[in-house]
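Colleague: sequence? don't have it. structure:
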């Protein structure tokens, strides 16, 4: 168990990095009085929103805490609390830094691109490493406490249940944060654009638009805090599911070693991610994407080395492991599984860039379709969004086949764990986006010289791609991890059935998961409908929030005619306040859908057809939600990114296939704006929220088993 | 087997009805010289397109015919031919009548609404009853020949394979007809609207628009012939799959009786559908929908009576049947299963009307969202399209559970068979749509008085709803039939494995279809990606075809400036010709996707992991394609219908929630036109084509088994 302390040390290192980087960011120049004032308004709005969001979630959380204590164990209730609090903390601290880094990035950008990149990326890296570091610390420290001072055996059910509850805590925060933040940010964005850009004809981030501060607040609470909670949850759930599998497949010392293995990989990759951040430096070619890729590639290569060292020196490359379900594999096989995880990450990044990048066929086809009008722009965008699911799915399929053939189900688990071990670096690339987006807004509102805006725009454009990439990565890992979560469920079920006391709920339970069982098909269909219904509800929520903003901005323009002439100041606070209320209200119902559905399906099927069929339907539901969720999420995030960049392609003038150039403000550009508006809730609300939705459905099922066994 | 001759007689009755109704339609007045001229252009275009489409498909069909003869039996090859030819015939004859009924409906509408309805509905009923009647005749006559003159045993593999091949023939025609017709009709619609309504500012169906004849041609080849082929295929495949199950689950005389049972239900319901058509009469309230519902309800109620008579008098209400897989059920249970099928049909119609009808929340929310712009219209439309999947899925789930509990897998098969037995009536309701749509176009182009156009518009609006309903019905039956098709696959597989000769391919085959098998998950994901990729490809195809039309119409306007002033005649033929070429070219690749994917997945998995895993992946793929396909298809067809009717709500002036009235031509109306444009390929190309796609994937898998066993 010494390795556990090494893992904890790695986790602490990430916190130290965050402290150091925060100080370094805060030491930078905050710019003019006007800039500070604007940044202050954004900061206040973001903090007010997050406080309110977490207060609401805390209410739900408190109920769940009591239920967990009552139905399970104190250890599970505390685990739930740890997961929830750390997830909230990662988001909160990340947002805390990002609302301070934005104005400093704007100021630094007036000196040089390199200086702007440095602050923005550092701010992103703080969020990224806190996500990975706190997730790792949460699991490893709690595991150390349970198995150390509390004297529990690592493979004991109490420990496993506590870890699953920790994952559930993270998931619950995540679904609320992703959805609430997503509704806030896109409500502001869509509503503000509609009434500002389209009706009043003023540019984005114009200080006369009463929704402009809300839009910038949204970047922080949605793209930064929301995404942090999402990846935190993905990380924790995957590591926990891998540990659950290890505890069931293996016994004795091997079980403990393999339970620690995902944590050790996580620890090593936190360190390689920290080293990687120092590779992010603007080269002589001034390529921002190039600078970011340097950091990512350095982290990936160092992680390969670290993985090799872990396997050879600690696990033993040639040592054999035999799982209780019959599979045998060596340390070397697990190393290859780790490589599969890294390869899947790389391929998904590559495919996402192809589908959302400006220079390639998909985005060009949307730009071209904009030339014939709004309708054809949307048709082509939808076509691309549907098409964009195929290659990632094939990569995930290949990942499943290869890692399964190497080391069975545990091999797949290790592939996903390794994939997610890079989360620190990937989130860093992503969380840099909202900072630069805000910096651009501040530059615009504070009337900084045009060159500054150009610099921040350049940073922002890269941020769009990295944001799409992270979403592909998150949902890809969920797809690959599907089998791991499902395996955790079936193995748990088998375990409970095998160890059932006479008269207990699991006595005589024997579940047929074959596709020939109609209850399995019913479960697949039930699960399959969740991402669609959830997507529908969250799109409607954004529409409603945006509608509220449109009404508010129109009211302000009407009641304060001086706003447009620049003689009156708009009431930014009211827009922020209104959206806060709307987002909190709108997030509740869709968030509860994945929490309550597993219980409803189990209860219903239990009443209709008994235990075995209820377990079969519930299990199939877990796969059903992934089978459709994977495609829904990829199509939404990739499609939204493509629409966004198709719009951007008009900003520098798009030359269509007949050689005509369409400038900003042309009819084709307007059509592309429609596509971008549609893509906004697709890529930033509904699509990414499918990811925690999938996980929470799965974790609920595992918890249900634990409760029934208790 | 006497019953078989009764069934054949029922089939012949439908042909007689078609002959009588055709004569009655053709006897009606064709109107003025100008009207005949326009109708002549539409007729020529439609015939030219269909001839070309079927010539192309015949080429593919000839290859398949030779392969089927070579790899299977002569009986299978002939079966394939029968299915293909009859499917083509149903579409061709239906279209033949509909391009003649359009002008007569326009003329009749100038007398009265009732007269217009009478001709339009009769024309639809011809297509509907030919679809059901020819499908029934195809299966029953070929079955009679195989088991009579050719002396084969009804449960012999040669017979089963020949029936499956017959289904494949129908499926192959169907996918091409649905997709080719869909690309044609929506390419014309989208392209024509973009350049006519939006750019030139002329109304729909204005004779100055060079694409207007093509648009009317499209209604006939897409909505009439394409849809006829689709339902023909759904009918045949479901009946055949039910017969396959009966032949495997039962032995001796019981097997033959239960193999005949779906045919007998079909025969009875053809008769009830014919009777039902006579109930379609405009009441004193002038409600068109009411008139149509009268016909549908009469058919449904008569079918319940007929089903009861069949079960009690022929099958024996209390006689027990024991399936080889262990289930036991009575004739009464099968009667209840039939009722389940009818209930599912009714509920799906009801839900579809809610989601696409003008008076309800979904469509109103899209109209309201149009007030804030193009973007919000599309967002809300997508939200509704996603949401609209939930209730139909739940109805299907309930249908599966109830009928399975009544009579096992065979019960589900009987529920779907009964559902599809109403196809004659449902298709009649649907095929009436393109006739009235055309009639409106002819009235507009021939400058008939405004009242005539109002009458045809009223008929057309109802046609929109019935079209959405039929699509929901088709895809709903596919969802409910999923298990039947999958069961046919697994039972076939089990049969071949059990009867494998030493050294043959199936020797020792034992497939694990459990969800814990990663190859099953891989298959689910593979299957799941097909509807998405297929949807993406077909949306792109429509976009491209529309783009070609836009370019052509712009060229004609430019080169013949007299067109807009009415002094020059546009070249309608060129637009039709261009679209014909485009649609034929674009339909090939997407159509081959579901044909070749099962072979590719099986081959790949066989190479990687061997026979058993290859069969597991292929089987799971069949369910995967249904799990995502069901949702993709429902969301597309319902969403498209809702967008269409949201646009229509502006034509009479839409009063938004603040009490402002938005008229035709307002900004809100323009935004709703964008949504309608997006919905066009959604609801008429990509969405409905998913249905034959699902079936063809399944039938290919069954054929593959037959080939491997041969």
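Modeller: Looks like it came in fine. Remember, predicted model here, so these are calculated numbers, not experimental data.

Colleague: only C-alpha atoms for contact and neighbour calcs from this point on.
Modeller: Will do.

Colleague: Could you confirm whether the one helix or strand residue A:624 maps to reaches chain B?
Modeller: Using DSSP states H and E, residue A:624 sits in helix A:611-651. Yes - counting by Cα under 8 Å from any Cα of the partner chain, chain B is contacted by helix A:611-651 at A:620, A:624, A:627, A:628, A:631.

Colleague: The first one and residue A:517 touch, don't they?
Modeller: If I follow you right, that is residue A:620. No - at 10.3 Å, residue A:620 does not count as touching residue A:517 under the criterion of Cα atoms under 8 Å.

Colleague: By proximity to chain B, which residue of the stretch 251-400 of chain A wins?
Modeller: Going by Cα to the nearest Cα, chain B is nearest to residue A:383 of the stretch 251-400 of chain A, at 4.1 Å.

Colleague: in which helix or strand would I find that residue?
Modeller: helix A:374-387.

Colleague: I'd like to know which elements the helix or strand following that helix is packed against.
Modeller: Downstream of helix A:374-387, the next assigned helix or strand under DSSP H and E is helix A:390-421. The elements that helix A:390-421 packs onto, with contact taken as 3 or more Cα pairs under 8 Å, 6 or more residues apart in numbering or on different chains; DSSP states H and E, are helix A:227-249, helix A:252-277, strand A:328-330, helix A:331-356, helix A:450-498, helix B:518-559.

Colleague: Tell me, how many residues neighbour residue A:71?
Modeller: Using other Cα atoms under 10 Å in any protein chain shown, residue A:71 has 17 neighbouring residues.

Colleague: Now it. Nearest residue, chain neighbours left out?
Modeller: The shortest distance from residue A:71 to any non-neighbouring residue, by Cα to Cα, 6 or more residues apart in numbering or on different chains, is to residue A:707 (5.9 Å).

Colleague: Tell me if I'm right that that neighbour and residue A:69 touch.
Modeller: No - the pair residue A:707 / residue A:69 is not scored as a contact, 10.5 Å apart, by Cα under 8 Å.

Colleague: picking that back up, adding pLDDT and distance to residue A:549, write the residues of helix A:611-651 next to chain B out as a markdown table.
Modeller: Shown next, in a markdown table, are those (pLDDT from 0 to 100; distance: Cα to Cα, whole Å):
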| residue | pLDDT | distance to residue A:549 |
| --- | --- | --- |
| A:620 | 95 | 41 |
| A:624 | 95 | 36 |
| A:627 | 94 | 35 |
| A:628 | 95 | 32 |
| A:631 | 95 | 31 |
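
Colleague: TSV for those residues, including neighbour count?
Modeller: TSV is the format used below for the residues of helix A:611-651 next to chain B (neighbours: other Cα atoms under 10 Å in any protein chain shown):
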residue	neighbour count
A:620	28
A:624	31
A:627	32
A:628	31
A:631	28
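
Colleague: show me what contacts the residue nearest to residue A:687 when sequence neighbours are not counted?
Modeller: Spatial nearest neighbour of residue A:687, excluding adjacent residues (Cα to Cα, 6+ apart): residue A:633 at 4.4 Å. Applying Cα atoms under 8 Å, 6 or more residues apart in numbering or on different chains, one finds that residue A:633 lies in contact with A:475, A:686, A:687, A:688, A:690, A:691.

Colleague: I'd like to know which of those residues is nearest to chain B.
Modeller: Of these, the one sitting nearest to chain B (Cα to the nearest Cα) turns out to be residue A:686, at 9.8 Å.

Colleague: What's the separation between the closest residue to that closest one other than its chain neighbours and residue A:356?
Modeller: In space, residue A:686 comes closest to residue A:535 once its chain neighbours are excluded; the distance is 5.1 Å by Cα to Cα, 6+ apart. Plainly put, residue A:535 is 21 Å away from residue A:356 if you go by Cα to Cα, to the nearest Å.

Colleague: what angle sits between the helix or strand containing residue A:293 and helix A:390-421?
Modeller: Secondary structure assignment for residue A:293, by DSSP H and E: helix A:288-309. Relative orientation of helix A:288-309 versus helix A:390-421 (axes from the mean of the first three to the mean of the last three Cα atoms, to 10 degrees): 60 degrees.

Colleague: Distance from the chain centre to helix A:288-309, please.
Modeller: Between the centre of helix A:288-309 and the centre of its host chain there is 21 Å, according to Cα atoms, centre = their mean, to the nearest Å.

Colleague: So what touches the helix or strand that comes right after that helix?
Modeller: Downstream of helix A:288-309, the first helix or strand assigned by DSSP H and E is strand A:320-322. Strand A:320-322 has contacts (Cα under 8 Å, 6+ apart) with A:250, A:254, A:328, A:329, A:330, A:331.

Colleague: Equivalent analysis for stretch A:394-412, please.
Modeller: Contact with stretch A:394-412 is made by A:242, A:245-246, A:327-330, A:333-334, A:336-337, A:340-341, A:344, A:347-348, A:415, A:476, A:479-481, A:483-484, A:487, B:518-519, B:522, B:525-526, as judged by Cα under 8 Å, 6+ apart.

Colleague: center of chain A, which residue is that?
Modeller: Most central in chain A under Cα atoms, centre = their mean is residue A:230, positioned 3.6 Å from the mean C-alpha point.

Colleague: Now the nearest residue to that residue once chain neighbours are set aside: which helix or strand?
Modeller: Computed as Cα to Cα, 6+ apart, the closest residue to residue A:230 that is not its neighbour in sequence is residue A:174, at 5.1 Å. Per DSSP H and E, residue A:174 falls inside helix A:157-193.
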